[in-house]
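Visitor: Just the structure for this:
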Amino acid sequence: RSPPSSAALHARLWTAQALQRTMLCALHLLTGLLVTGVALASPHAQLLFSSVMPKEAPPAAYEETPPSIPEVHFGSIAEGRSIDGKPFPLVVTPAGGMQSLRDVTMFLEKHRRELDRLLTQHGALLFRGFPLPSATDFSAFVEALGYEDFPYVGGAAVRTRVAPRVFTSNESPPSEVIPFHHELAQTPNSPGKILFFCGTAPPQGGETPILHSGELLRVLRQQVPALIQNLEEHGVRYVRVMPEHDDASSALGRSWRSAFLIPDSGRPRRDRKAAERHLKAKGYAFEWLANNDLRTITPVLHPVRSLPDGAHFKQAFFNQIVAAYTGWTDARNTGEKAVLIATSDGKRGKHGTVLPRCDMQKVEKAHRDLQVVFAWQKGDVLVLDNRQCMHARNSFVPPRRILASLASDSLQ
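Guide: Have a look, this model is predicted:
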């Protein structure tokens, strides 16, 4: 027999190598199954093996290009964050040719739906460099965005209306720090949007820090999983003592008259009955105290909420837990008792249990770690999706004039 050709030898060699590779793969597979069994049986091996185990996929990275709107540019600020590739906040600046208030309102009216979609995707939009010198201009800006007005009912802050859709932000003293919160999350009804306008930038401090509550919830599920599970299972109640008349020395000094829109009729008993009717309609428990102060206990509220379609996260840590726990302390209130896990039914004066201090320290730190803090510039407008974003206020050196507006989710 003649010797095999070089081609035949090459084919036999390739077949032998393929068979060897197949046997090695089978051996690796068998070894992997044995390792898996060890990993499941041993805590230490399980910890090591978990690093290569499949994990829940994070939200998709930001790949969508902002819409082509020739009147503006989209970008970010140096102090901002990138959340899975999405700028937070998304910054909107005029591309040129926007010289008057009429130019601004025409732009907003034309592109309100695209801007609303971007707000849902990013959670926060910072409009910077637009010709908006006054509170009246800001009111026109809000109106042109197209969201329906939302009344400020039930809130804790003392505020004064200065334009048709504009009021002062919290009027507490400059030294007071206002902790992170979602606007009116301590009430059964809260606005879909909150907008801030810088009329006068302070020389020092006075920032309005923001954070994305979807990202916050993702972190808290890892750091304090038992607390989050407890909150989701039971919900929370907020407890607050309200004075009869506004107390501007306190960050939560809004009176029950202002909170529930009850003017002084000169007939105290009649006014108290009006407040009681409002509270009963909303499911509150209440108690009248000395000096005509009013202690209110909210119905059970859910501190984790689902987010609308188009949002980057599915859920958010929507509440005023940190604000109440760390900030609701004044002559009438104690912060650590102002928010309760609703483990009780509310009967016999038992409304829940206080939050664990060790967990709350971790929650507070997570807020600080995820915050975005930037200096105000005159004319800035910050639009927040209140379902997704918390905001706060740093102490400051006056003068500072930051105005606010509340809006619903509905476009006109």
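Visitor: Tell me the spacing between Pro303 and Leu216.
Guide: Here the criterion is Cβ to Cβ, to the nearest Å. By it, Pro303 lies 11 Å from Leu216. The way it works is simple: take the backbone N, C-alpha and C, and place the C-beta from them, glycine included.
Visitor: list residues touching both of those two?
Guide: Contact criterion Cβ atoms under 8 Å, 6 or more residues apart in numbering; residues shared by Pro303 and Leu216: Phe317.
Visitor: first vs last residue of stretch 374-389, how far apart are they?
Guide: From its first residue to its last, stretch 374-389 covers 15 Å (Cα to Cα, to the nearest Å).
Visitor: no wait, stretch 160-167
Guide: In terms of Cα to Cα, the two terminal residues of stretch 160-167 are separated by 5 Å.
Visitor: Give me the residues contacting that stretch.
Guide: 135-136, 138-139, 142-143, 149, 152, 159, 168, 171, 197, 403-405.
Visitor: Mind listing what's buried along that stretch?
Guide: By 16 or more other Cβ atoms under 10 Å, the buried positions in stretch 160-167 come out as 162-163, 165-167.
Visitor: Just put those in TSV and tack on distance to Val104.
Guide: Converted to TSV, the buried residues of stretch 160-167 look like this (distance: Cβ to Cβ, whole Å):
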residue	distance to Val104
Val162	19
Ala163	15
Arg165	15
Val166	15
Phe167	21
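Visitor: Going by distance to Arg112, which of those wins?
Guide: Closest approach between those and Arg112, by Cβ to Cβ: Arg165, at 15.1 Å.
Visitor: Model confidence for the closest one, exactly?
Guide: At Arg165, the model reports a pLDDT of 96.
Visitor: Okay, and Asp271 sits in which element?
Guide: helix 268-282 (DSSP states H and E).
Visitor: Go through that helix and flag the buried ones.
Guide: Buried residues in helix 268-282, counted by 16+ other Cβ under 10 Å: 271-272, 274-275, 278-279, 282.
Visitor: for the stretch 151-300 of the chain, which spans come out with low pLDDT?
Guide: For the stretch 151-300 of the chain, applying pLDDT under 70 flags the ranges 158.
Visitor: now the helices for it?
Guide: 213-223, 225-234, 256-259, 268-282 (DSSP state H, counting those that start in this stretch).
Visitor: Can you lay out the ones you listed as CSV showing distance to Gly75?
Guide: Putting these into CSV (distance: least, Cβ to Cβ, whole Å) gives the following:
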stretch, distance to Gly75
helix 213-223, 20
helix 225-234, 34
helix 256-259, 39
helix 268-282, 42
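Visitor: Looking at those helices, which is nearest to Pro398?
Guide: helix 256-259 (23.6 Å).
Visitor: Now do the strands in the stretch 251-400 of the chain.
Guide: Using DSSP state E, counting those that start in this stretch, the strands of the stretch 251-400 of the chain run over 285-288, 294-297, 305-306, 315-316, 339-341, 353-354, 381-385, 389-393, 396-397.
Visitor: for the stretch 101-250 of the chain, that is, sorry about that
Guide: With DSSP E, counting those that start in this stretch, the ranges of strands along the stretch 101-250 of the chain come out as 124-127, 147-149, 161-163, 166-168, 178-181, 193-200, 204-205, 210-212, 236-242.
Visitor: okay, those strands, which one's buried deepest?
Guide: Highest mean neighbour count among the strands of the stretch 101-250 of the chain (mean count of other Cβ atoms under 10 Å): strand 210-212, with a mean of 27.
Visitor: ok, and what's touching stretch 356-365?
Guide: Outside stretch 356-365, the residues touching it (Cβ under 8 Å, 6+ apart) are 220, 223-224, 226-227, 321-322, 325-326, 336.
Visitor: and it, which residues are buried?
Guide: In terms of neighbour count (16+ other Cβ under 10 Å), stretch 356-365 has its buried residues at 359-360, 363-364.
Visitor: Ok, stretch 283-291 next?
Guide: Buried residues in stretch 283-291, counting neighbours by 16+ other Cβ under 10 Å, are found at 284-286.
Visitor: How far away from the center of its chain is it?
Guide: Averaging C-alpha positions (Cα atoms, centre = their mean, to the nearest Å) puts stretch 283-291 30 Å from its chain's average.
Visitor: now do the same end-to-end measure for it.
Guide: End-to-end distance of stretch 283-291 (Cα to Cα): 24 Å.
Visitor: Walk me through the domains of this protein.
Guide: As recorded under automatic domain parsing, the domains making up the chain are 72-207+372-411, 214-369.
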